[in-house]
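Chemist: coordinates only, sequence not included:
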């Protein structure tokens, strides 16, 4: 009886893990567009307070990829519904904008939340992270810089 119960619990855990791994990209929460001529760092610094506030309110990570069209930037802010990760589809940009490949994500203030870049972040070529009053940018482990602190 114990063996059957243990096998059933193990099978359910494996199925849940497989379903989580197969989950699609982040669900879109809202979109942001830069002001004409606003630099990417300025754009991200400006939109970060809203994204961080949504993260703290919902207790989940928010993320997206920055799009570019002419002198404008945009982002679709989404969530995977967890504070531990956020799936970023590098092609999911606002209509009329092409992906820059530059990612953006938030981090919660939860005790176990990583408030800094993770190995996953560093596997992407470039990206921003926002948490609390901080916005940082990275282009690899040796090119990590502050963008804004409020």
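Modeler: Right, received. Where do you want to start? Fair warning: this is a prediction, and the values are worked out from it, not measured in the lab. Numbers count the residues shown, from 1 in each chain.
Chemist: Every contact and neighbour count from this point should use C-alpha atoms.
Modeler: Will do.
Chemist: surely residue 88 meets residue 62?
Modeler: No: the criterion here is C-alpha atoms under 8 Å, and residue 88 misses it with residue 62 at 9.5 Å.
Chemist: the more surrounded of these two?
Modeler: With neighbours defined as other C-alpha atoms under 10 Å, residue 88 and residue 62 compare such that residue 62 has more, 34 against 22.
Chemist: check contacts around the more buried one.
Modeler: Residue 62 sits next to 51, 54, 55, 77, 78, 79, 80, 86, 105, 106, 107 when contact means C-alpha atoms under 8 Å, 6 or more residues apart in numbering.
Chemist: Mind jotting down where the strands sit in the chain?
Modeler: For the chain, the strands defined by DSSP state E cover 27-33, 63-69, 72-79, 98-106, 126-131, 134-138, 144-149.
Chemist: For those strands, please prepare a markdown table with the additional fields mean neighbour count.
Modeler: Output for the strands of the chain, formatted as a markdown table (neighbours: other C-alpha atoms under 10 Å):
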| stretch | mean neighbour count |
| --- | --- |
| strand 27-33 | 15 |
| strand 63-69 | 26 |
| strand 72-79 | 24 |
| strand 98-106 | 22 |
| strand 126-131 | 25 |
| strand 134-138 | 22 |
| strand 144-149 | 14 |
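Chemist: Could you tell me the least trusted of those strands?
Modeler: Among the strands of the chain, strand 144-149 has the lowest mean pLDDT, at a mean of 79.
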